[in-house]
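Peer 1: Could you look at this predicted model? Sequence included:
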Amino acid sequence: MTPRVATVLSARPWEAALVAAARESAAVRLVLRAFQPDDVARQRADIDVVVAGAETSWVTPAQVAAWRRSGLRVVGVHPAGDEPARSLLEAGGAHEILADDAPPDAVLQLIRFLQPGVPSAAGDEAGKVVAVTGGRGAPGRTEVALALAYLWARRHPTLLVDLDVAAPALAVRLGRPPRPDLTDAADRVRASGQLAADSIHRVGDLAVVVGSHRPGESQLRTTLAEDVVEAAAADYDVVVIDLGPAGGDDRLLKRADHAVLVCDASAVGLVRAARAAAEWAGPPPALVLNRVRRREKAEVIAAARQWTGLEPVAAIPDAPRVREAAGAARRPARPLLRALARLGVPT
């Protein structure tokens, strides 16, 4: 069978030379020149081999490992003489690693002899990623994300990751120190392709990666944050990510297996949730209404249906115990856990 090849676009000359050679050869079939990870994911069924250069920022050990788990064969290319770049490709487990001065015909010959891959056992059993988001303001995303992760951790290995770059709150909410944080976790994943134990906080059965408060790192939730999520999915059954107010084109929201949209049970909250639902680009969301007054519950549920087009799956009561637990760094309050218990463990 003729190998179907995707290259990762590069400004270095090796990639253009390889593409030209592939188009002139019958040895391989070029199906994609990928600009970002989503491009490969969308055409995964049509690809056998990915050829990627270590000079591309998102070609990290975690990304290489994720390709391997999905059954893709990976050829890594590094600048000639750049041993650190070669080491990154080795850490991710690239099947073949070449310097970028290798002749294109030699690279094509190597691709031809790579054995077809199959999804690994780790890939088959990769954990489910659940994204928790909501409209602007403070609808209660962090508290809902924490409560869901707390519930699921009772039965399955679960990791909660704070990816709210505007207002990371998990460290304060749980009374944990600010380090290690998301940046530390990303640094370790980038170096080894794996999520290191020393970048994780333990809260009973739950594992947590707290957000980064360091100056100048508000854009961390890009490739490095995606690598943390991919590495976490290889180690945990469930990965809950608190995205903050994610936009419709958010890559992590699109990547998630499941999503939860948190809506404050107020007029402003409903409008903001409706706007988020209108721009939605991820998996179909489970709508959670927060701070619902008992006497207004039926009215709020009906309004949520009308404004968002979604059927609410949980209505969290506006209970003092919920607020008190959050303010005192205690475990999520029982009214909150009871309301969310109907959201079963993701499968």
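Peer 2: Now that the structure is in, tell me what you want to look at. Everything quoted here is computed from the prediction, not taken from an experiment.

Peer 1: Give the rounded mean pLDDT of stretch 67-79.
Peer 2: When pLDDT is averaged over stretch 67-79, the result is 91.

Peer 1: for the stretch 51-200 of the chain, which spans come out with low pLDDT?
Peer 2: Residues of the stretch 51-200 of the chain meeting the criterion pLDDT under 70: 115-125.

Peer 1: any chance you could map the strands in it?
Peer 2: In the stretch 51-200 of the chain, the segments counted as strands under DSSP state E, counting those that start in this stretch are 73-78, 96-99, 128-134, 158-162.

Peer 1: Quick one: end-to-end distance for stretch 35-44.
Peer 2: 14 Å (C-alpha to C-alpha, to the nearest Å).

Peer 1: Ignoring the adjacent residues along the chain, who's closest to Arg202?
Peer 2: Excluding the flanking residues, the one nearest Arg202 by C-beta to C-beta, 6 or more residues apart in numbering is Val208, at 7.5 Å. (Each C-beta comes from the backbone N, C-alpha and C, glycine too.)

Peer 1: Just say which of the strands of the stretch 51-200 of the chain is most tucked in.
Peer 2: strand 158-162 (a mean of 28; mean count of other C-beta atoms under 10 Å).

Peer 1: Show me what that one packs onto, helices and strands only.
Peer 2: Counting contacts by 3 or more C-beta pairs under 8 Å, 6 or more residues apart in numbering; DSSP states H and E, strand 158-162 is packed against helix 141-153, helix 170-174, strand 206-209, helix 223-235, strand 238-244.

Peer 1: List just the one of these that sits closest to Ala286.
Peer 2: Taking C-beta to C-beta, helix 141-153 is the member of the helices and strands packed on strand 158-162 nearest to Ala286, at 9.8 Å.

Peer 1: how distant is that closest one from the center of its chain?
Peer 2: Mean-position distance between helix 141-153 and its chain equals 17 Å (C-alpha atoms, centre = their mean, to the nearest Å).

Peer 1: Could I have the CA atoms of it written out in PDB?
Peer 2: Provided in PDB are the C-alpha atoms of helix 141-153 (Å, rounded to 0.1, in the frame of the first residue of the first chain):
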ATOM      1  CA  ARG A 141     -17.200  27.600  36.300                       C
ATOM      2  CA  THR A 142     -14.400  26.800  38.800                       C
ATOM      3  CA  GLU A 143     -16.800  25.500  41.500                       C
ATOM      4  CA  VAL A 144     -18.600  23.300  39.000                       C
ATOM      5  CA  ALA A 145     -15.400  22.000  37.500                       C
ATOM      6  CA  LEU A 146     -14.100  21.200  41.000                       C
ATOM      7  CA  ALA A 147     -17.300  19.500  42.100                       C
ATOM      8  CA  LEU A 148     -17.400  17.300  39.000                       C
ATOM      9  CA  ALA A 149     -13.800  16.300  39.300                       C
ATOM     10  CA  TYR A 150     -14.300  15.600  43.000                       C
ATOM     11  CA  LEU A 151     -17.300  13.300  42.300                       C
ATOM     12  CA  TRP A 152     -15.600  11.400  39.500                       C
ATOM     13  CA  ALA A 153     -12.300  11.000  41.400                       C
END
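
Peer 1: Same question for stretch 206-213: list its buried residues.
Peer 2: The neighbour-count check on stretch 206-213 (16 or more other C-beta atoms under 10 Å) flags Leu206, Ala207, Val208, Val209, Val210, Gly211, Ser212, His213 as buried.

Peer 1: tell me which of the residues you listed is nearest to Ala325?
Peer 2: Ala325 has its nearest neighbour among the buried residues of stretch 206-213 in Leu206, at 14.9 Å by C-beta to C-beta.

Peer 1: ok, now how distant is the nearest residue to that closest one once chain neighbours are set aside from Leu182?
Peer 2: Once flanking residues are discounted, Leu206 sits nearest to Ala153: 4.1 Å by C-beta to C-beta, 6+ apart. Per C-beta to C-beta, to the nearest Å, Ala153 is found 19 Å from Leu182.

Peer 1: Just want to know which of those two has more residues nearby.
Peer 2: Neighbour tally, Ala153 and Leu182, criterion other C-beta atoms under 10 Å: the higher count belongs to Leu182, 26 against 23.

Peer 1: wait, doesn't the more buried one sit right on Ala225?
Peer 2: Yes. With contact defined as C-beta atoms under 8 Å, Leu182 counts as touching Ala225 (6.8 Å).

Peer 1: Report the set of residues contacting both of these two.
Peer 2: Leu163 (C-beta atoms under 8 Å, 6 or more residues apart in numbering).

Peer 1: Point out where the stretch 201-347 of the chain drops to low pLDDT.
Peer 2: In the stretch 201-347 of the chain (pLDDT under 70), the answer is 216-223, 247-249.
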